[in-house]
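[1] Provided below for reference: sequence and predicted model.
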Amino acid sequence: MTVTLSPPQPLPPPPGSVAALAAVLDQLATAGFAAGLTTHLLEPAAVLPGWQGADAAVAAAEVGAALAVAADLHDALTAAHLRLADHHELWLAVAARVGVLADEQRARFADAGARLAVLVGPAVDLGAPGESPEARRLVEAVAEQDAAAAGEHRALLQALTDDAAAAAAVLVAATRPLGGTGRPGDAVAVTARLAVQLPGWGAGALAALGRRAADELTGPDATGDLAAAVARWHEWASVPGFADALVERLGADGLGWLLTVLGGLAGTGEEQQLAGLLAGALSGAGARTGEVLAAFRLDPGAPGDGADGTAVAMGLVLAAPAAGPSLAVAWGRQLLDREAAQAARAGAGSTGGALLGDPVEAALAALARSGDRAGAAQLLADPGAWTTLLARPWPGGTGALAAVVQLAAAAPEAGRVARSALLALGQGLAPGSPARVLDDQGALARLRPAVTGLVAGQPGVVLPVLDAAVTGAPLDAGGDAALRGLGYLVTDEDAATELTAAVRGALQTGAAGGFAGEVAGAHVAVLEYGQRLRYALEWSQAQSWAVDLQMPWQLAVSAPLSAVPGVAGELAGAVEGVAADLLGTNGEVEIGPDTGIVRTGVDAAGFAAGALGPAAAPAARAGFDRAGALLGGLTAPQPSLLDRMTDLELPDPFRRRR
């Protein structure tokens with residue numbers, strides 16, 4: 001058997017570049033000296049002799065902030081330099097020792113190889129069997145020495161690795177006062193922290209970061225991995241300066257593209273970070289953000305899945321915790337405009353949109369969460385918004401909408417909001433109006449207390465509406481709608497009681513001026529109109545229900561039986577008529593007579609006398625008559641189209657009496 005040396009075990013130098021570490025040490029030393037010099041120079045400036053008032057306070061605060069940052073920076077740089085210098089020395093020592101081990105290994109194997117050739121060579125040449133004991137001992141000795149060297153090498157590298165981890169911990173601790181966390185992306189965190197402490201410098205630094213983020217998300221320098229870019233930047237999206245620069249760089253087109261991407265992620269569980277990033281960035285108060293929001297529009301009339309997908313994405317952004325009131329108002333209006341144009345919930349037309357969250361409800365929830373009264377009033381200042389909100393279904397409840405109405409009621413602009421609500425309630429009530437009357441059994445039934453509180457809290461709106469009805473002049477369309485809207489509001493007894501108390505209190509304070517008696521009479525006329533309107537609405541709902549029942553009966557039963565000829569047809573027709581009466585499918589409305597309170601000029605005089613004194617009674621009667629004449633009487637609705645079609649004389653091919 002031939003005796004050979006085992007291969008030498010690898011003894012590589014420590015990984016990394018000790019030269020690069022030496023360069024870092026030089027830079028840290030230079031930076032530390034600069035920070036120390038800055039601290040030294042700023043210390044005398046902390047006290048500004050001769051400065052007084054606000055300027056002195058601002059200047060002292062700025063100098064103090066700069067001094068604190070410089071001191072923290074000097075401490076961090078000093079600690080980092082000292083610890084890395086120790087690590088550098090250890091690295092040099094380890095590298096030197098590893099070099100010695102490698103040299104010794106090469107010499108040992110060269111010497112052993114020569115000796116082994118001497119010991120083994122003659123025996124091989126002479127063909128002697130077996131092996132030399134001396135050769136075997138030499139090979140074993142070299143293997144033991146090489147194993148020992150490899151063990152020492154491993155220990156050296158492990159010691160260097162452990163020291164590197166300890167040095168890293170020191171570096172993390174050193175950067176913590178500056179906002180460092182020891183995680184990737186600390187440069188952004190430190191920049192954001194210093195930007196707050198040093199606003200003069202920080203504005204430009206944050207803007208640069210915002211532009212960089214926008215480029216990574218959508219621009220020509222995009223990384224191609226949108227999820228990674230979103231993860232990298234989403235936590236800074238709400239930082240002022242950063243957000244404005246980000247949104248400005250995105251522009252309306254970039255924002256639209258990101259919303260398209262977000263809409264595609266809806267329902268996958270991967271949409272939260274992008275939605276949160278956009279919510280934080282778009283909810284800032286920067287001027288550029290406002291310009292981009294104004295430029296971006298959700299087309300109310302655009303058909304297809306695209307616009308509804310954008311609406312869904314807008315809802316996801318609004319549902320994010322960072323969504324602010326300005327964004328909720330801007331996008332809430334656009335979503336309501338689309339619902340009014342499409343006669344359907346915004347986003348319902350997108351793929352799976354009906355199963356996702358309601359974008360309008362998300363806007364209202366964000367607004368309610370913010371407690372922004374002015375924003376709530378801004379959203380509800382348009383009668384069209386009221387119409388859409390009160391006409392749409394609310395499967396999740398109207399809690400958010402009620403909260404927004406209550407916020408608006410406490411806003412300085414509550415008067416405008418209250419009049420808009422009255423205009424929406426009054427639509428379609430004028431004789432001959434083609435507009436649709438709001439359903440009092442839908443959202444209004446649940447919101448009536450909040451709406452009543454809004455209107456009753458604004459006597460400066462209610463009294464002018466009543467006053468306009470007693471001047472003797474014709475009302476314009478807005479005045480007529482507002483007056484009838486008051487009547488619609490008081491169809492509810494509790495609302496009538498609350499509004500009456502508010503009107504009485506306003507009259508007693510003299511808010512109605514010299515025509516207080518007439519205004520009191522007009523209010524009673526509105527109560528009378530509301531009582532009659534209540535019955536009319538009940539009748540209308542009963543008629544709608546009767547027609548809904550009659551339509552399928554006519555198609556499924558009446559029409560087929562009408563085609564049966566002869567006596568059998570007559571018998572079937574008679575049975576069908578009796579069955580329709582019994583089942584309530586004959587289209588007839590039976591709700592009984594109107595038994596509600598009837599108010600007259602006498603009631604108007606009594607109300608005025610109680611609020612203003614007996615002298616106001618004649619004026620109240622006059623006001624009641626004038627307002628009542630404007631409101632007019634409510635007549636029974638015209639027969640439905642189906643009823644008129646049923647009453648037509650149709651030719652009977654079988655000459656059967658119908």
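    The structure has been received and is ready for your questions. Numbering: from 1, shown residues only.
[2] domains in the chain, by residue range?
    Annotated domains of the chain cover 18-178, 207-370, 458-658 [automatic domain parsing].
[3] distance to residue 418 added to these, as a markdown table?
    In short, each C-beta sits where N, CA and C put it, glycine included. Below are the domains of the chain laid out as a markdown table (distance: least, C-beta to C-beta, whole Å):
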| stretch | distance to residue 418 |
| --- | --- |
| domain 18-178 | 42 |
| domain 207-370 | 18 |
| domain 458-658 | 4 |
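[4] and these, which is most packed in?
    When you average the neighbours per residue for each of the domains of the chain (mean count of other C-beta atoms under 10 Å), domain 207-370 leads with a mean of 20.
[5] what about that domain, average pLDDT?
    Averaged across domain 207-370, pLDDT comes to 90.
[6] any idea how far that domain is from the chain center?
    Put simply, domain 207-370 sits 8 Å off its chain's centre (C-alpha atoms, centre = their mean, to the nearest Å).
[7] cool, stretch 488-502 as well?
    For stretch 488-502 - counting by C-alpha atoms, centre = their mean - the centre lies 36 Å from the chain centre.
[8] average pLDDT for that stretch?
    95.
[9] dump the C-alpha coordinates for it into CSV.
    Extracted in CSV, the C-alpha atoms of stretch 488-502 (Å, rounded to 0.1, in the frame of the first residue of the first chain):
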residue,chain,number,x,y,z
TYR,A,488,-91.7,66.2,4.2
LEU,A,489,-89.5,66.5,7.3
VAL,A,490,-92.5,67.0,9.6
THR,A,491,-94.4,63.9,8.3
ASP,A,492,-92.7,62.3,11.3
GLU,A,493,-94.4,63.2,14.6
ASP,A,494,-91.1,63.5,16.5
ALA,A,495,-89.6,65.7,13.8
ALA,A,496,-92.7,67.9,13.8
THR,A,497,-92.4,68.3,17.6
GLU,A,498,-88.7,69.2,17.5
LEU,A,499,-89.1,71.6,14.6
THR,A,500,-92.1,73.3,16.2
ALA,A,501,-90.2,73.8,19.4
ALA,A,502,-87.3,75.4,17.5
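[10] so which residues make contact with that stretch?
    Here stretch 488-502 makes contact (C-beta atoms under 8 Å, 6 or more residues apart in numbering) with 422, 425-426, 429, 438, 440, 448-449, 451-453, 455-457, 459, 462, 486, 523, 526-527, 530-531, 533-534, 537, 607.
[11] same question for stretch 333-343.
    297-301, 307, 311, 314-315, 345-346, 349, 359-360, 363, 379, 382, 384-385, 387-389, 392.
[12] kindly recompute the last result at 6 Å.
    Residues from elsewhere that reach stretch 333-343 (C-beta atoms under 6 Å, 6 or more residues apart in numbering): 298, 300, 301, 346, 359, 360, 385, 388.
[13] do stretch 613-633 as well
    469-470, 517-518, 520-522, 524-525, 529, 601, 604-605, 608-609.
[14] chain center to it, what's the gap?
    Relative to the chain's own centre, stretch 613-633 is displaced by 50 Å; criterion: C-alpha atoms, centre = their mean.
[15] pick the one among the contacts of stretch 613-633 closest to residue 321.
    Using C-beta to C-beta, residue 529 is the member of these that lies nearest residue 321, at 46.2 Å.
[16] tell me which element the closest one falls in.
    According to DSSP states H and E, residue 529 maps onto helix 516-553.
[17] all helices of the stretch 501-650 of the chain, in order?
    516-553, 559-562, 566-583, 601-612, 617-631, 641-647 (DSSP state H, counting those that start in this stretch).
[18] with secondary structure and distance to residue 142 added, can I get the contacts of stretch 333-343 in CSV?
    As requested, the contacts of stretch 333-343 are exported to CSV (DSSP: H, G, I helix; E, B strand; the rest coil; distance: C-beta to C-beta, whole Å):
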residue, secondary structure, distance to residue 142
298, coil, 81
300, coil, 87
301, coil, 89
346, coil, 82
359, helix, 78
360, helix, 83
385, helix, 91
388, helix, 91
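[19] in TSV: these, plus distance to residue 630.
    Shown next, in TSV, are those (distance: C-beta to C-beta, whole Å):
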residue	distance to residue 630
298	40
300	35
301	37
346	38
359	40
360	35
385	27
388	28
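[20] element containing the nearest residue in space to residue 182 that is not next to it in sequence, please.
    Distance criterion C-beta to C-beta, 6 or more residues apart in numbering; nearest residue to residue 182, sequence neighbours excluded, is residue 172 at 3.6 Å. For residue 172, the host element (DSSP H and E) is helix 133-175.
[21] ok, then the element right after that helix?
    Using DSSP H and E, the helix or strand that follows helix 133-175 in sequence is helix 186-197.
[22] how far is the next helix or strand after that next one from where the chain is centred?
    Using DSSP H and E, the helix or strand that directly follows helix 186-197 along the chain is helix 199-217. Here helix 199-217 is found 24 Å from its chain centre; the criterion is C-alpha atoms, centre = their mean.
[23] quick one: contacts of the next helix or strand after helix 199-217?
    Helices and strands here follow DSSP H and E; after helix 199-217, the next one along the chain is helix 226-233. Helix 226-233 is contacted by residues 213, 216, 217, 223, 273, 274, 277 when judged by C-beta under 6 Å, 6+ apart.
[24] one more: stretch 426-437?
    So stretch 426-437 is in contact with 480, 481, 482, 484, 485, going by C-beta under 6 Å, 6+ apart.
[25] how about the contacts made by residue 209?
    Residue 209 sits in contact with residue 242, where contact means C-beta under 6 Å, 6+ apart.
[26] residue 283 touches residue 327, doesn't it?
    Yes. At 4.9 Å, residue 283 counts as touching residue 327 under the criterion of C-beta atoms under 6 Å.
[27] spatially central residue in the chain, please.
    Centroid-nearest residue in the chain: residue 318, 1.4 Å away (criterion: C-alpha atoms, centre = their mean).
[28] quick check: phi and psi at residue 179.
    Torsion angles at residue 179 (phi, psi; degrees, to the nearest 10) stand at phi 100, psi 0.
[29] nearest spatial neighbour of it, skipping sequence neighbours?
    Excluding its sequence neighbours, the residue lying closest to residue 179 (C-beta to C-beta, 6+ apart) is residue 193, at 3.0 Å.
[30] secondary structure element for residue 238, which one?
    Judged by DSSP H and E, residue 238 forms part of no helix or strand.
[31] give the contact list for it.
    Counting by C-beta under 6 Å, 6+ apart, residue 238 touches 280, 322.
[32] so what's the backbone phi/psi at it?
    Dihedral pair for residue 238: phi -90, psi 0, per degrees, to the nearest 10.
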